[in-house]
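>>> Dropping the sequence and predicted coords here.
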Amino acid sequence: MSQKHTALSKIDALTQRTLTIFGIVSASFILLIAFFITIRGIIPFITDNNGAGAVNVWLFLTETVWLRGPTFVSSAYGVGFLIIQTLYLAFLSLFISFPVGVLTALFIAKIAPKRLASVLRSIVELMASIPSIVYGLVGVGLFLPWIHALARALGQQSAGGLGTLGVMIVLALMSLPTITAISEVSIRSVDQSLEHASLALGATPTQTRFKITLLAAKSGIFSSAILAIGRALGEATAVSLVAGNARSGPNFGLFNITSTLTSTMLEGMKETVGIDYDIRFSVGIILMIVILITNLILNTLKKKVGNVHA
Amino acid sequence: MMTTVFNIENLNLFYGDFHALKNIDMVIYKNQVTALIGPSGCGKSTFIRCLNRMNDLIPEAKMEGCVRFDGEECQIGGYDVIGLRKRVGMVFQKPNPFPMSIFDNVAFGPRQQGIKQKEVLQGIVEKALKQAALYEEVKDRLTSSALSLSGGQQQRLCIARALALEPEVILMDEPTSALDPLATQRIESLINDLKEDYTIVIVTHSMQQAARISDYTAFFYMGELREIDTTEKIFKAPRLKQTEDYITGRFG
């Protein structure tokens, strides 16, 4: 009996140690990535880049032009406008994906008949699994001509539809499944007794859904928006296909060409060397910092919003 | 002759194939407390939910017969459920305040009716909280979260929330089963005060509670209303042996 007991507690200890190791390995991947990107990305600032000169950090962060002039020199790179455009586009896409996603989630969770709800859930999962390049192709093939036509109809210039509006739509489509799926789960897990209380107070089902159900699910809905922002900030492939890769900015107009940190990193990556190659790792550092800070701010905000009456 | 609020005639309720309420005939008197007692699964909660039509939310529930409120015509389909629920409030088993401020909880019902003026809402909220004997405890923190209140306070808040619509009837489905004895006592004395102005129907598992607070007691068993009379009669000299056995704790 006691022998068996000892054996079991040994297994317990072993399991615990193994799981700890797995945890540490997983966590160290992110450190490894951050370390690698930082080591590579810091080169342009601390070396003279084979005669091109060291990049000035302040100018790099605040400049409004990327790759000025015909040659690769240290003063040619500025990401200030890219940071602004990246954040602008991510939040802009949320203007479409957030309301559409949350309302879809409400429909699936509360209104759709069971069969339809499960079909819609599968569609949302499928949308989430479509590779980003496909979204980019749909953007190029389908939306750009429409946007171009729309711009013409409004008497505006557009570069064949490339630019802010296209990126906004593509990013919105890509983050829609994230918002829908996570909001739907949080709406479904709202305590039904709250909804019953509302109905028993003579509120209509519609009033109950918008005033009570969404309110009670707001923490999960907010989380879905944070994840969507994360996805939008980090998307490269689809964005670079429809952005137009503007080299100066910031541009805010819907029909203006634009660019993001990621699309700039991606563009020409394979055909370049020296400082022009290394500097893309520097942009990677900036991207990670931007995402980190955005997440920190949004999570603080979420705690504040969530804690008000929870 | 006492005025009746509810006239229930030949009420039957089915959950799919399950016959949950069988041929209930019953009258509920105005400004009286009517207690519904009986063993678990006897249909008393199902019955109380017929009075404000909460069973309508269960797709497989089918109701037959008549529940006539305030002398209205007998109607089952196409009934103005929303209008009914404004006049027949409900308090649930577990306190279920909304995740919003104390003030907003109480103001919720009136706001859904389109009342927006701040002064009017303030008046309604204050009055309802006073009626629910909660005002003194929360008057300095009306804007703080309802979830910061204790269980007993939350339940009184839920009562205030129902009172804010100035209903005629308040249905209570085991309102104290999740509360400690002290909080239970406060709710019971509150019920005693409220019957001046309201008709109260309460489901309870506690015989002592039924005896303490109710004027009428209805004993349900297996979906049937076995006996209803004044509480005094039910507890002192019930007509049926089964009622006596249940009250004295011989089964249930």
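Sure, I can see it. These numbers come from a predicted model, not from an experiment.
>>> At which residues are the strands of the stretch 151-300 of chain A located?
Assigned strands in the stretch 151-300 of chain A: none (criterion: DSSP state E, counting those that start in this stretch).
>>> need the helices for it, in chain order.
Using DSSP state H, counting those that start in this stretch, the helices found in the stretch 151-300 of chain A span residues A:164-188, A:192-200, A:205-208, A:214-216, A:218-234, A:237-243, A:261-266, A:274-307.
>>> now do the stretch 1-150 of chain B
B:44-51, B:81-87, B:102-112, B:118-131, B:135-138.
>>> Look up how far A:G166 lies from A:S282.
27 Å (C-beta to C-beta, to the nearest Å). C-betas here are computed from N, CA, C, even on glycine.
>>> Neighbour count: these two, which is higher?
A:G166 (30 against 24; other C-beta atoms under 10 Å in any protein chain shown).
>>> Check that one and give its pLDDT.
What the model reports as pLDDT for A:G166 is 95.
>>> now A:G161
On the pLDDT scale, A:G161 gets 89.
>>> And stretch B:2-16, what's buried?
For stretch B:2-16, the neighbour count (16 or more other C-beta atoms under 10 Å in any protein chain shown) marks B:T4, B:V5, B:F6, B:N7, B:I8, B:L11, B:L13 as buried.
>>> Let me fix that, I meant to ask about stretch A:231-249.
Of the residues in stretch A:231-249, those buried (16+ other C-beta under 10 Å) are A:231-247, A:249.
>>> for the closest residue to B:E9 other than its chain neighbours, what are its contacts?
Taking C-beta to C-beta, 6 or more residues apart in numbering or on different chains, and ignoring the residues beside it in sequence, B:E9 has B:C66 as its nearest neighbour in space, at 4.1 Å. Applying C-beta atoms under 8 Å, 6 or more residues apart in numbering or on different chains to B:C66 gives the contacts B:N7, B:I8, B:E9, B:N10, B:L11, B:C74, B:I76.
>>> Which of the residues you listed fall in strands?
Among these, the residues falling in strands (DSSP state E) are B:N7, B:I8, B:E9, B:N10, B:L11.
>>> Tell me the one among the residues you listed nearest to A:T15.
B:L11 (58.4 Å; C-beta to C-beta).
>>> Get me the contact residues on the stretch 101-250 of chain A for chain B.
With the criterion set to C-beta under 8 Å from any C-beta of the partner chain, the stretch 101-250 of chain A comes near chain B through A:191, A:193-194, A:196-204, A:207, A:211-212, A:215-216.
>>> Narrow those to those that are buried.
A:194, A:196-203, A:207, A:211-212, A:215-216.
>>> out of those residues, who's nearest B:V106?
Of all those, B:V106 sits closest to A:L201, with 10.4 Å by C-beta to C-beta.
>>> which of the buried residues of stretch B:2-16 lies closest to B:L84?
B:F6 (11.0 Å).
>>> Correct me if wrong: the closest one contacts B:N52.
No - between B:F6 and B:N52 no contact is recorded; they are 10.5 Å apart, counting by C-beta atoms under 8 Å.
>>> List, one by one, the residues from chain B near chain A.
Residues of chain B lying near chain A (C-beta under 8 Å from any C-beta): B:52, B:54, B:57, B:82-83, B:85-86, B:89-90, B:92, B:94, B:96, B:98-101, B:108-109, B:112-113, B:145-147, B:158, B:161-162, B:165.
>>> Okay, and which of the residues you listed map to strands?
Those of the residues of chain B next to chain A lying in strands (DSSP E): B:G89, B:M90.
>>> For the spatially most central residue of chain A, which non-adjacent residue is spatially closest?
Among the residues of chain A, the one closest to the centroid is A:R231, at 2.1 Å (C-alpha atoms, centre = their mean). In space, and not counting its chain neighbours, A:R231 is closest to A:S175: 5.1 Å by C-beta to C-beta, 6+ apart.
>>> how close does the one you found sit to chain B?
26 Å (C-beta to the nearest C-beta, to the nearest Å).
>>> can you pull the contacts of that residue?
A:S93, A:L94, A:S97, A:G101, A:L227, A:A228, A:I229, A:R231, A:A232.
>>> Also A:R121?
A:I108, A:A181, A:E184.
>>> I figured the second one hits A:V124, correct?
Yes - with contact defined as C-beta under 8 Å, A:A181 and A:V124 form a contacting pair (5.4 Å).
>>> domains of chain A?
A:2-41, A:62-307 (automatic domain parsing).
>>> Report the buried residues of the first one.
Right, the one you point to is domain A:2-41. Going by 16+ other C-beta under 10 Å, domain A:2-41 has these buried residues: A:I37, A:R40, A:G41.
>>> Can I get these in CSV including pLDDT?
Output for these, formatted as CSV (pLDDT from 0 to 100):
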residue, pLDDT
A:I37, 92
A:R40, 91
A:G41, 92
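>>> Those: which ones sit near chain B?
Answer for the buried residues of domain A:2-41 near chain B: none qualify (C-beta under 8 Å from any C-beta).
>>> hmm, back to that, just the buried ones out of the residues of chain B next to chain A, please.
B:52, B:54, B:82, B:85-86, B:89-90, B:92, B:94, B:96, B:98-101, B:108-109, B:112, B:145-147, B:158, B:161-162, B:165.
>>> Could you look up the SS state of the residue most central in space within chain B?
For chain B, the residue nearest the mean C-alpha position is B:L171 (1.4 Å; C-alpha atoms, centre = their mean). Judged by DSSP: H, G, I helix; E, B strand; the rest coil, the three-state class of B:L171 is strand.
>>> And the one 5 residues further on, by the same measure?
Local secondary structure at B:T176 is given as coil here, using three-state DSSP.
>>> What about it, how many residues nearby?
Neighbours of B:T176 using other C-beta under 10 Å come to 25.
>>> and if you look at A:V55?
25.
>>> Check whether it really touches A:I46, as I assumed.
No - counting by C-beta under 8 Å, A:V55 stays clear of A:I46, with 9.2 Å between them.
>>> If you count neighbours, what's buried in stretch A:40-60?
By neighbour count with 16+ other C-beta under 10 Å, stretch A:40-60 contains the buried residues A:R40, A:G41, A:I43, A:P44, A:F45, A:N49, A:A52, A:V55, A:F60.
>>> which of these lies closest to B:D180?
Relative to B:D180, and with distances defined as C-beta to C-beta, the nearest of the buried residues of stretch A:40-60 is A:G41, at 61.0 Å.
>>> Verify the stated contact: the closest one with A:F281.
Yes - if you go by C-beta under 8 Å, A:G41 and A:F281 touch, sitting 3.7 Å apart.
>>> What is the nearest of the buried residues of domain A:2-41 to chain B?
A:I37 (41.2 Å; C-beta to the nearest C-beta).
>>> B:L36 versus that closest one, what's the distance?
Taken as C-beta to C-beta, the span from A:I37 to B:L36 is 68 Å.
>>> Highest neighbour count among the contacts of A:R121?
So for these (other C-beta under 10 Å), the most neighbours sit at A:E184, 27 neighbours.
>>> Test my guess that that residue contacts A:F107.
No - A:E184 is not in contact with A:F107 according to C-beta under 8 Å; the separation is 9.1 Å.
>>> any weak-confidence spans in the chain?
Because you didn't say which chain, this covers chain A. Applying pLDDT under 70 to chain A flags the ranges A:1-2, A:68-70, A:306-310.
>>> other chain: chain B
B:1, B:75-78, B:252.
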